[in-house]
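# Structural data only, the sequence is not supplied:
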């Protein structure tokens, strides 16, 4: 990328990688005939690299997908684990929600992105179909980029 | 409508259609002798087309009716389904409430408006009587405009 | 209006009056070939009676129109006076904006509604064309209902 | 796009069009050797279709770019006009900022997207280089999609 004046820190994930992840995630949704999706890809700083909202995807899906990805980044594990805590310790996820001004959504479909050495590069969040289906697309996107998906289950 | 300078996109629902829906919804409430109602009609972008608050309707009813209509638009299904999720997955609806600054109300009485081809045109939310009665008026309004009411139950 | 069970307080303005005001205000805009408008009518409690947003009116116009009507109700004078204060005493209108969470918009186009005895019944706010044109429509609406428009200038 | 179950309204702009706009806008920045950019493309309902943040682009750029695009959609004109009003009527733009919780940024670089019939389809906002340079990229993106750029100046 020709930015010679200010060669900036890459926080984990490049835009090029995020593009691959987002495109492959949406392609997986089409292949599976899922409902229209929104995909959000965050870098290692928890900041947006790419958001795409498909035609027909309802209006709050970007915020929900962001909330899954941000929730995963916020706590350092995929949102399967956040969803478990929402069941087991609702006081914690309610507090987390308040603490973040509603920006952490404790629902499956937020997946951490790691490289081959397990280094955290960012996260993907998807919303639009059921939560398990959303997660399938997160994982497909990450793997299409040759990276490791960490959904919050023990390895 | 004479807007020659900037003919703007109509996001799903015209004001004329929204007027029919609101008037018929309130007429249904009178016919059924329901309590005073507030009706909110949103377009396909989730923005207000019409709000009417009847005499004697308490002061937060516009926000509640808006919250039902917005909740339906936000997630892409009628609030019967949001109400079910509030029972089954309270962590999600709590998060949704925080995520939207309280703007999504997971209670029956928020109904999507679809055309004959199932295309989403907007939503109606009503508050003032019981939630099932509020929903009856949403449906009556939508049907009076020759459109399809989608309350969140499977078709 | 047949609400026998709970004959409620009418805070100044009936829905029937608000309907007349809103319809006449929009008709004035059409007659003058103004841009698409949003009209908000509030009762004496500062609560919504009617909102209508015309096709092609941009998405924040309901909030702006509401902000004019609410600003007028909040301080007890039409927004011509609020606009003058924004010029002369910006610290005041900035503080008012913060105090109300942004709900008071100090711009012409928010007009108080008074009866023949000068009793305050509510307010109209309009947004969509220039502020002076917005105000013309507020006044036309109020006068069509046989009521007095108070735009914030000395009588 | 295969969405058989719930064919939803397209609010002005398709994802395919938004992709073309975003890619061409960033390509223009590279060609001109501008600093790293973030581009936001909104549909006619003011909701996100695409966001892309280039490597090295600072962390609040998505919010700033969104604020330009949203400000344009909110008021119905490009942010050149919002920037003029910020100079001429600071009370209004201060109020607009508060009214939207800071979501409307009155700075050049928010451009409306119109079709050949002048119908509003959405908006592009860019942040990263100077405001005039940001705007150059908005315009390049919109024209690459065969659409009309409306920057807020009289036609």
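Noted; the coordinates are in hand. The structure displayed is predicted, hence computed values, not measured ones.
# Output the below-cut-off pLDDT ranges for chain A.
With pLDDT under 70 as the threshold, chain A has low-confidence stretches at A:1-9.
# where do the strands sit along chain A?
For chain A, the strands defined by DSSP state E occupy A:38-43, A:48-53, A:110-114, A:120-127, A:148-150.
# ok, residues contacting the first one?
Contacting residues not belonging to strand A:38-43 are listed as A:10-13, A:18, A:21-22, A:25-26, A:48-54, A:57, A:61-62, A:64-66, A:68-70, A:73, A:113, A:121-128, A:137-138, A:141, D:48 [C-beta atoms under 8 Å, 6 or more residues apart in numbering or on different chains]. For the C-beta atoms, the positions are set from N, CA and C on the backbone; glycine is no exception.
# ok, and which of these reach chain C?
The subset of the contacts of strand A:38-43 lying close to chain C, counting by C-beta under 8 Å from any C-beta of the partner chain, is empty.
# Please pick the buried ones from these.
In those, burial by neighbour count holds for A:11-13, A:18, A:21-22, A:25-26, A:48-54, A:57, A:61-62, A:64-66, A:68-70, A:73, A:113, A:121-128, A:137-138, A:141, D:48, counting by 16 or more other C-beta atoms under 10 Å in any protein chain shown.
# Which residues are in contact with the residue nearest in space to the middle of chain A?
Residue closest to the average C-alpha location in chain A (C-alpha atoms, centre = their mean): residue A:124, at 1.8 Å. With contact taken as C-beta under 8 Å, 6+ apart, residue A:124 is in contact with A:21, A:25, A:39-42, A:69, A:110-111, A:113, A:138, A:141-142.
# let's see it at 10 Å
With contact taken as C-beta atoms under 10 Å, 6 or more residues apart in numbering or on different chains, residue A:124 is in contact with A:13, A:18, A:21-22, A:25, A:39-42, A:49-50, A:65, A:68-69, A:72, A:78, A:109-113, A:134-135, A:137-142, A:145, A:147, A:149.
# same question, residue A:129
A:29, A:32, A:33, A:34, A:35, A:36, A:37, A:57, A:109, A:135, A:136, A:137.
# how does it look with 8 Å?
A:29, A:34, A:35, A:37, A:137.
# Around chain B, pick out the residues from chain A.
Residues of chain A lying near chain B (C-beta under 8 Å from any C-beta): A:35, A:56-61, A:63-64, A:67, A:83, A:86-87, A:90, A:93-94, A:97-98, A:101-107.
# Please, where are all the helices along chain A?
Listed in chain order, the helices of chain A (DSSP state H) span A:15-31, A:61-75, A:79-88, A:90-99, A:131-144.
# what's the most buried one of those?
For those, average neighbour numbers computed from mean count of other C-beta atoms under 10 Å in any protein chain shown are highest in helix A:61-75, which has a mean of 26.
# from the middle of its chain, how far away would that one be?
6 Å (C-alpha atoms, centre = their mean, to the nearest Å).
# And chain D, is it touching that?
Yes - contact of helix A:61-75 with chain D is found when judged by C-beta under 8 Å from any C-beta, involving residue A:62.
# Confirm for me that residue A:47 is in contact with residue D:59.
Yes - under the criterion of C-beta atoms under 8 Å, residue A:47 makes contact with residue D:59 at 4.8 Å.
# Comparing the two, which residue is more hemmed in?
Using other C-beta atoms under 10 Å in any protein chain shown, the more surrounded residue of residue A:47 and residue D:59 is residue A:47, with 22 against 14.
# Next, work out how far apart that one and chain D are.
For residue A:47, the distance to chain D (C-beta to the nearest C-beta, to the nearest Å) stands at 5 Å.
# How about the contacts made by residue A:74?
Contact analysis of residue A:74 by C-beta under 8 Å, 6+ apart lists A:46, A:96, A:100, A:103, A:104.
# which among the residues you listed are in contact with chain C?
Subset of the contacts of residue A:74 in contact with chain C: empty, counting by C-beta under 8 Å from any C-beta.
# Go through those and give me the one with the most neighbours.
Neighbour counts for these were taken using other C-beta under 10 Å; the highest belongs to residue A:104, with 27 neighbours.
# How about that one: what's its closest non-neighbour residue?
The spatially closest residue to residue A:104, leaving aside those adjacent along the chain, is residue A:71, at 3.7 Å (C-beta to C-beta, 6 or more residues apart in numbering or on different chains).
# Hmm, residue A:82 and the one you found touching each other?
Yes - counting by C-beta under 8 Å, residue A:71 does reach residue A:82; the two are 5.3 Å apart.
# what's the overlap in contacts for those two?
Contact criterion C-beta under 8 Å, 6+ apart; residues shared by residue A:71 and residue A:82: A:96, A:104, A:106, A:110.
# Looking at chain A, what residue ends up closest to chain C?
Proximity of chain A to chain C (C-beta to the nearest C-beta) peaks at residue A:59, 11.6 Å away.
# thinking that residue is in contact with residue D:48, fair?
No - when contacts are counted by C-beta under 8 Å, residue A:59 is not listed as touching residue D:48 (9.2 Å).
# I'd like to know how far residue A:36 sits from residue A:26.
The gap separating residue A:36 from residue A:26 is 9 Å, by C-beta to C-beta, to the nearest Å.
# Kindly report the same for residue A:106.
Going from residue A:106 to residue A:26 by C-beta to C-beta gives 24 Å.
# same question, residue A:133
Residue A:133 sits 13 Å away from residue A:26, going by C-beta to C-beta.
# Now residue A:12: closest residue in space that isn't a chain neighbour?
Excluding the flanking residues, the one nearest residue A:12 by C-beta to C-beta, 6+ apart is residue A:44, at 2.8 Å.
# Count the neighbours of the one you found for me.
Applying other C-beta under 10 Å, we find 17 residues neighbouring residue A:44.
# my guess is it meets residue A:14, correct?
No - applying C-beta under 8 Å, one finds residue A:44 not in contact with residue A:14, separated by 11.0 Å.
# Does residue A:149 touch residue A:110 like I think?
No - using C-beta under 8 Å, residue A:149 is not in contact with residue A:110, being 11.0 Å away.
# Mind listing the shared neighbours of those two?
Common neighbours of residue A:149 and residue A:110, using C-beta under 8 Å, 6+ apart, are residue A:138.
# neighbour count winner among the two?
Counted by other C-beta under 10 Å, residue A:149 and residue A:110 do not tie: residue A:110 has more neighbours, with 40 against 20.
# List the beta-bridge partners for the more buried one.
Beta bridges link residue A:110 to residue A:125, judged by DSSP bridges.
# got a list of what it touches?
A:67-72, A:78-79, A:82, A:123-125, A:138, A:152.
# Same check on residue A:122?
Here residue A:122 is in contact with A:11, A:12, A:13, A:18, A:41, A:42, A:43, A:44, A:49, A:73, A:112, A:113 (C-beta under 8 Å, 6+ apart).
# Let me know the closest of the residues you listed to chain D.
For the contacts of residue A:122, the nearest to chain D is residue A:49 (5.5 Å; C-beta to the nearest C-beta).
# Need the nearest residue in space to that closest one, chain neighbours excluded.
Spatial nearest neighbour of residue A:49, excluding adjacent residues (C-beta to C-beta, 6+ apart): residue A:18 at 3.7 Å.
# Give me the distance between residue A:37 and residue C:88.
Distance from residue A:37 to residue C:88, by C-beta to C-beta: 52 Å.
# How about residue A:29?
Residue A:29 is 57 Å from residue C:88, by C-beta to C-beta.
# and for residue A:36 and residue A:26, which residues touch both?
By C-beta under 8 Å, 6+ apart, residue A:36 and residue A:26 have these common neighbours: residue A:54.
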